[in-house]
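Undergrad: When you get a sec, could you give me coordinates for this:
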Amino acid sequence: MLRIMSLNVGSLFEPDWETRRHEVVAQILQADADVVCLQELWRESADVGVTEWLVEALGQAGLPYHFIFGGHGFGAFGEQNPDFRFGSAVLSRWPIEEQHLWALPTAEDPHDPLPAMMPWELLHARTAGLDIFTTHLAPAPTHGRHRKLQVLEIDKLIREIRADLDSYEWGGQRVLVPPILTGDFNAEPDSDEIRFLKGFTTFNERTTFFQDAWAVAGDDGPGYTSDWRTHPLSEMLNIHRKRIDYIFVGDPFRRAGNVGRVLDCRVVANEPITGVQASDHRGLIAEITWPTRPD
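TA: Just a heads-up that it's a prediction; the model follows:
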């Protein structure tokens with residue numbers, strides 16, 4: 001079985017990061033996940049940043065990870081420090097065999113400069129034969145047309161990385177874990193961009209299919225990952241209750257040993273361990289069938 005965690009840590013914009021980072025470490029330790037995908041991280045230089053601090057703290061606590069960080073320059077931060085990067089990270093129990101980073105597109109919008117100002121990325125890590133992708137999409141409820149372009153690009157890039165790994169011949173069985181896509185999509189389950197990823201609608205005559213881990217194996221609750229009623233950071237931002245963070249798993253159809261089946265999904269980082277909230281987001285953990293998991 002594979003256990004994977006995703007969490008937007010909000011390390012740059014939300015307050016009290018110096019305190020909250022210890023809660024992030026505590027939540028990751030409690031999750032004890034094989035792979036951890038994190039969003040909204042920053043790096044000051046080639047070897048100094050949020051990810052490096054978190055991984056060092058986790059290692060000192062007895063949970064060592066291999067990791068990659070991927071991000072792009074960011075406006076005024078880049079003017080002050082040309083080495084500054086803002087992006088995502090993947091932590092894994094196993095070495096990272098291959099990695100890629102892509103910038104995601106936005107639509108032209110002279111009335112709203114935010115989507116073009118901020119970097120939006122897709123980060124890929126191949127680890128233990130798994131293809132793990134994590135992303136962060138345009139944030140506002142009004143940014144659906146930007147996110148539409150972004151999910152189309154994400155689907156294209158995943159197909160390019162996977163090539164023929166997910167090919168299926170009638171009567172045969174596929175043996176590999178399907179691609180896994182995580183992150184802060186800033187879009188609710190009934191939005192067009194999420195419906196596209198789940199195979200419920202088409203964009204430009206294109207279609208795709210990923211399992212929404214919460215929809216497949218979550219409990220009967222709404223699965224909110226942003227909830228102002230129970231979360232002081234979300235209340236401060238004055239945004240409505242919603243599910244905007246996801247773990248997606250590619251098509252499990254006809255895979256040997258039921259590989260890729262989502263067994264469980266739950267919301268995490270909703271109850272503080274150290275006394276403070278980890279982020280303005282809650283996280284997710286999914287457990288996925290993986291018969292050939294290495295030691």
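Undergrad: Just give me the longest helix of this protein.
TA: In the chain, with assignment by DSSP state H, the single longest helix is helix 144-162.
Undergrad: Buried residues in that helix, which are they?
TA: Using 16 or more other Cβ atoms under 10 Å as the burial criterion, the residues of helix 144-162 that qualify are 145-155, 157-158. Any C-beta I mention is one placed from the backbone N, CA and C, and that applies to glycine too.
Undergrad: One more: stretch 67-81?
TA: For stretch 67-81, using 16+ other Cβ under 10 Å, the buried residues are Phe67, Ile68, Phe69, Gly70, Gly71, His72, Phe74.
Undergrad: in this structure, which residue is closest to the centre?
TA: The geometric centre of the chain, computed from its C-alpha atoms, lies nearest to Gly183 (Cα atoms, centre = their mean), at 2.1 Å.
Undergrad: re earlier: hey, what's the angle from the helix or strand following the longest helix of the chain to helix 144-162? Just curious.
TA: Once helix 144-162 ends, the next helix or strand along the chain (criterion: DSSP states H and E) is strand 180-184. In this structure, strand 180-184 runs at an angle of 150 degrees to helix 144-162, with axes from the mean of the first three to the mean of the last three Cα atoms, to 10 degrees as the basis.
Undergrad: What are the boundaries of the helices in the stretch 151-295 of the chain?
TA: 192-197, 213-217, 232-237 (DSSP state H, counting those that start in this stretch).
Undergrad: of the ones you listed, which approaches Val175 most closely?
TA: Proximity of the helices of the stretch 151-295 of the chain to Val175 was assessed by Cβ to Cβ; the nearest stretch is helix 213-217, lying at 20.9 Å.
Undergrad: which stretches of this structure have low pLDDT?
TA: Per-residue confidence for the chain (pLDDT under 70) gives these ranges: 76-79.
Undergrad: on that earlier part again, how far away is the residue nearest to the centre of the chain from Asp47?
TA: For Gly183, the distance to Asp47 (Cβ to Cβ, to the nearest Å) stands at 24 Å.
Undergrad: Glu40 too?
TA: To Asp47, Glu40 is 20 Å away according to Cβ to Cβ.
Undergrad: Looking at the two, which has the bigger crowd around it?
TA: Each of Glu40 and Asp47 had its neighbours counted (other Cβ atoms under 10 Å), and the higher figure belongs to Glu40 (23 against 7).
Undergrad: quick revisit: can you tell me which of the buried residues of helix 144-162 is nearest Val276?
TA: Distance to Val276, by Cβ to Cβ, is smallest for Arg147 among the buried residues of helix 144-162, at 30.2 Å.
Undergrad: Now do the contacts for the closest one.
TA: Applying Cβ atoms under 8 Å, 6 or more residues apart in numbering to Arg147 gives the contacts Leu137, Ala138, Phe185, Asn186, Ala187, Ser191, Glu193.
Undergrad: Which residue ranges of the stretch 1-150 of the chain form helices?
TA: For the stretch 1-150 of the chain, the helices defined by DSSP H, counting those that start in this stretch cover 17-31, 50-60, 75-80, 114-117, 144-162.
Undergrad: Can you show me the CA trace of the shortest one as CSV?
TA: Extracted C-alpha coordinates of helix 114-117, given in CSV (Å, rounded to 0.1, in the frame of the first residue of the first chain):
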residue,chain,number,x,y,z
LEU,A,114,-2.9,38.6,-10.0
PRO,A,115,-2.9,35.4,-12.1
ALA,A,116,-0.1,36.7,-14.3
MET,A,117,1.9,38.1,-11.4
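Undergrad: Buried ones in that helix, by neighbour count?
TA: Buried residues in helix 114-117, defined by neighbour count with 16+ other Cβ under 10 Å: Pro115, Ala116.
Undergrad: picking that back up, put together a markdown table for the helices of the stretch 1-150 of the chain, with distance to Ala213 on each row.
TA: Shown next, in a markdown table, are the helices of the stretch 1-150 of the chain (distance: least, Cβ to Cβ, whole Å):
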| stretch | distance to Ala213 |
| --- | --- |
| helix 17-31 | 14 |
| helix 50-60 | 23 |
| helix 75-80 | 33 |
| helix 114-117 | 27 |
| helix 144-162 | 16 |
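Undergrad: ok, now how distant is Gln39 from Glu56?
TA: Distance, Gln39 to Glu56, using Cβ to Cβ: 20 Å.
Undergrad: Check Ile96 too.
TA: 17 Å.
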